[in-house]
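# Output the structure for:
(one chain, ligands or ions: 1)
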Amino acid sequence: MVARHDQTTDPELLAGLLQARRGTAFFARKLNELSDADLDGGSLLPGWTRRHVAAHIGYNARAIARLIEWAATGVETPMYASAAARDHEIDFGATLSPIALRNLFDHSAVHLNVEWRDLPADAWHHTVKTAQGRLVPASETVWMRTREVWMHAVDLDNGATFADIPAPVLERLLADITGAWHARGSDSGLLVTVAGTDLAFGDTGAQSPTVVSGPLPAVVAWAAGRGSNEVTATGASAAGASGGGSVPAAPKWI
Ligand code: ZN
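Got it, this is the predicted structure:
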């Protein structure tokens, strides 16, 4: 019997799957709004056209599906053979015809969704390995995909903004990014706050930090290296009077 619904009943996981599916639908919408000629245009990512972004999202779904197959069968199948193989695959995908590129996105998204849907409840705890070599439970793949589809929908640069991304996704993204800074020690003296909330990330113990602040979508966009609209900086490394200093570039994330 083919299951028509998710095998897991974990409410947190089901909520995560919903965010991933919504993000995939959002990416699909933005991709479908682009004409075939538009695909040749630049994305927000240096050196990448929209074709590269679409190819990356397609191959990312396939790579994550391999992790789910690993969790289901116990047979180790990495996301990518190597970082070079991943990059090569994206470069190749970017040369596909528009119809093939769109099919790659559609089919890979459906395939991943089926893998998720049919994964037995207990297999979601099985350990798999990310492309960075991190050992994580299979359930983590839902978040890995979620942040890819939402962020790269913005990178298509045809109207999506970080304000389109649901707040829970933005908050987790900011925690991820600032966590990566912290692991590298690159957040020293840098405090990130979200206007209208008591959310604070980064070097929360600093004596006189540079404080970068703004609405949640703007702060996450800045932290992810996608511009500093609506973001302000005060303190040590922010030049300028009356609290309106220039905003420093965010530390590198990935
Ligand atoms: Zn990506």
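
# and Ser228, how many neighbours does it have?
Residues lying near Ser228 (other Cβ atoms under 10 Å) number 20. For every residue, glycine as well, the C-beta is placed using N, CA and C.

# Same question for the one 3 residues further on.
For Val231, the tally of surrounding residues (other Cβ under 10 Å) stands at 20.

# so what's it up against?
Contacts for Val231 (Cβ atoms under 8 Å, 6 or more residues apart in numbering) come out as Val212, Ser213, Gly214, Ala218, Val219, Ala221, Trp222, Val247.

# and the third one, backbone torsions?
The main-chain torsion angles of Gly214 are listed as degrees, to the nearest 10 and equal phi 170, psi -180.

# For it, give its distance to Val220.
In this view, Gly214 and Val220 are 9 Å apart by Cβ to Cβ, to the nearest Å.

# out of those two, which sits in the busier spot?
When Gly214 and Val220 are compared for neighbours, Val220 comes out ahead with 27 against 21, by other Cβ under 10 Å.

# My read is that that one contacts Leu170, right?
Yes. Counting by Cβ atoms under 8 Å, Val220 does reach Leu170; the two are 4.8 Å apart.

# okay, and the common contacts of the two?
Listed as contacting both Val220 and Leu170 by Cβ under 8 Å, 6+ apart are Phe162.

# and the gap between Ile165 and Thr146?
To Thr146, Ile165 is 10 Å away according to Cβ to Cβ.

# make that Arg22, sorry
Taken as Cβ to Cβ, the span from Arg22 to Thr146 is 9 Å.

# neighbour count winner among the two?
A count of neighbours by other Cβ under 10 Å puts Thr146 above the other of Arg22 and Thr146, at 25 against 16.

# How many residues are close by Ser188?
Other residues lying near Ser188 total 13 when counted by other Cβ under 10 Å.

# Contact partners for it?
Residues near Ser188 by Cβ under 8 Å, 6+ apart: Asp203, Ala206.

# tell me the SS of it?
Three-state assignment for Ser188 (DSSP: H, G, I helix; E, B strand; the rest coil): coil.
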